[in-house]
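Participant: here's a sequence, model it:
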Amino acid sequence: MAALVTRHFRVHNAIQFFESFSEAVPTRYYLFIGKSFAYANSIPLTGQVKTTAGSNTVVGTGTIFTTELAIGDRIAITGQSNVHVVHSIPTAQTFVTTTSNYNTITTAANVYIRKLFSEISPPDPVDSYQNTYFDIWRNMMSLKRIATSAVSHVATRHDWANNTFYYQYDDSDPALFNKAFYVYTTDRNVYKCIDNNRGANSTSMPSSTGTSIETTADGYRWKYMYTVSAGEKNDYVTPDYIPVKTLTANDGSGQWTVQENASNGAIHHVQVVANGSGYLHNTNTFASVTNSTFMTIANTASLVDGVYTDSSIFISSGLGSGQLRRIVQYYSNNSLVVNSAFTVTPNTSSQYIVSPTVVIRGDSGGTTTSRATAYVANTFNGSVRKITIIDQGRSYSTANVTIVANSSYGFGATARPIISPLNGHGSDPVDELYGTNVMMSVNTVEGESNTFTTNNDFRFIGVVRDPLLANGSAATATAIDQSHRIEVNGVVGDFIADEVITGSTSGAKGRLIYFANTNAARANGVLKLVRLTTNGTGGGFSVGETVTGGTSTITGKVVSVTKPALTPYSGIVIYSENRIPLQRGPLQTEKYRITIKY
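Facilitator: Numbering: from 1, shown residues only. This is a model prediction of the structure:
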């Protein structure tokens, strides 16, 4: 059975996530960092493999390489001394080729392939229960709450560039969300393309910030949507994304004016589908004007009686400009009669265009002001090339276009009206620009009141939802230290970051983030640890025991033990990302941008 989950569902999910930060009872999200020690240098892959001397092919048994390896991965094989790089993975999936040959035959029963990692090529995070519920928590060092002001919808970034083709908005295009139909300019303005001048390249950057559609010198027509502020640019503009929001109150911006003046169901563009042939077109100033319904056009027009009957006449400039009427009678002396009187009668200085009539029919209602009108602005060698909107109308949900002229002088042209989104262009930028992504932009400044390390590195970041404090209450602090803190004295020498600290009595072990000395002699201080393991009894380090650094062999006597601020495993990890090591310093500020895609 055919089914469809629409893009609106994705936008809905993004909106729900975005709103969860600011609801009456908000969800509490925290950015976390962790893992100060190096990645394991390899992991075994499923299945057995064999190689042949002089060949660069690895044959797998039970190994589905396409799910575990990628081109460019570094691999090693039991019994082989060399490291090889994956060159290709054929569709057969049971063998790969590498960039170098193997030096021996490998046929043993328990030969495995290993995917190698390094500090500059970290492993992909694993979405297993063990990892997301336990391992991440064990390596968690520090957290910072993500404020409501640090979250925004974001849309795919499409920069305006000279001599570049852009798609135009099309209400019937199911793939529109994957296309560059809007642009971000150097003025930080965002515009939606309404008309791309019959598929031409854009050579004039839009610049208007009003509510009317702007026609640039290259024939493109653009709808101004909003301007990205300098602060928003700093927080949310990346090579891939720009921020997008829909205002709910008047902030005095041009965007609010655009939203308030958007026209529901308007037709801003009519797309010519087939050009047809044989159509007549004449433009000039009037030879004479007898009254508001009877006039004579220039002698450049046809002298054939009735030739322009059923065509339209549009006053393009001068007195009476902007008015459209249908020609009901045309005479061989270039005189004509229109279907209804011009409200403002043109004169002999008024410029006119005689061209095929464009009839737009739809469900907008019966009033004249709600109906869209248009005229054929350009024909070439008898074919209809461009239709220009005079009045966009409103409240259409469906419409069609018919092109009419004297049947002996033109046939075959067809066109399609393009209806604006619900409530109009610019009314809801998040929905219109497919804001299905939400970006969190969080700064960590120096030591964040001593909760973030400033003298070690870290290798993963992530987001945890609704963690609890050790006493069971909800965490609300701006920044949180999640390390195990072991106060010691009697220290002689320096502990080494990332070494394993072991308790002599308890048998507990932990990875050292750093030693924070509390006196000038560095004899007293606090060991900050992660990844605490016990001797199997569930206990931890005990007061009075001696602790020893596994690499430095430095010792100290435990004075007090402080557990992490948060209850381990109490929050739901919704995002994690392995990164190359980032060294923190005492005067350092980092900006973390995390994008959640729906």
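
Participant: and Asp135, which of the three is it?
Facilitator: With DSSP: H, G, I helix; E, B strand; the rest coil as the basis, Asp135 sits in helix.

Participant: what about it, neighbour count?
Facilitator: A count of nearby residues for Asp135, using other CB atoms under 10 Å, gives 19. In short, each C-beta sits where N, CA and C put it, glycine included.

Participant: distance of it from Gly462?
Facilitator: From Asp135 over to Gly462 the distance is 11 Å, taken as CB to CB, to the nearest Å.

Participant: tell me, how many neighbours does Trp500 end up with?
Facilitator: Small correction: residue 500 is Val, not Trp. Neighbour count for Val500, taken as other CB under 10 Å: 16.

Participant: ok, Ser576 next?
Facilitator: When neighbours are counted by other CB under 10 Å, Ser576 registers 19.

Participant: likewise the one 3 residues further on?
Facilitator: The burial count assigned to Arg579 is 14, neighbours taken as other CB under 10 Å.

Participant: ok, Val304 to Gly278 distance?
Facilitator: For Val304 relative to Gly278 (CB to CB), the value is 13 Å.

Participant: again but with Asp73, I slipped
Facilitator: 64 Å.

Participant: same question for Phe460.
Facilitator: From Phe460 to Gly278 the distance is 69 Å (CB to CB).

Participant: cool, and Gly426?
Facilitator: Remark: distance between Gly426 and Gly278 (CB to CB) = 39 Å.

Participant: the more surrounded of the two?
Facilitator: Shown here are Gly426 and Gly278; by other CB under 10 Å, Gly426 has more neighbours (26 against 17).

Participant: now do the contacts for that one.
Facilitator: Gly426 is in contact with 192, 211, 223-226, 255, 258-259, 261-262, 432, counting by CB atoms under 8 Å, 6 or more residues apart in numbering.

Participant: apply 6 Å and report the result again.
Facilitator: Applying CB atoms under 6 Å, 6 or more residues apart in numbering, we find Gly426 in contact with 225, 258, 262.

Participant: for it, which non-adjacent residue is spatially closest?
Facilitator: Closest residue to Gly426 apart from its sequence neighbours, by CB to CB, 6 or more residues apart in numbering: Val258 at 4.0 Å.

Participant: quick one: buried residues of stretch 281-299?
Facilitator: Across stretch 281-299, burial judged by 16 or more other CB atoms under 10 Å covers 281-283, 286-287, 289, 292-293, 295-297.

Participant: count the residues that sit near Phe21.
Facilitator: Neighbouring residues of Phe21 were enumerated by other CB under 10 Å; the total is 18.

Participant: output the lowest mean pLDDT helix or strand found in the protein.
Facilitator: helix 65-68 (a mean of 59; mean pLDDT, DSSP states H and E).

Participant: quick one: low-confidence parts of this structure?
Facilitator: 41-48, 60-69, 79, 90-99, 106-117, 365-368, 536-538 (pLDDT under 70).

Participant: centroid-wise, who is the farthest residue in it?
Facilitator: Farthest-out residue of the chain from its mean C-alpha position, per CA atoms, centre = their mean: Asn333, at 61.4 Å.

Participant: that residue: what secondary structure?
Facilitator: coil.

Participant: tell me if Ser552 really is in a helix.
Facilitator: No. Read with three-state DSSP, Ser552 is coil and lies in no helix.

Participant: okay, it and Asp498: tell me how far apart.
Facilitator: The gap separating Ser552 from Asp498 is 11 Å, by CB to CB.
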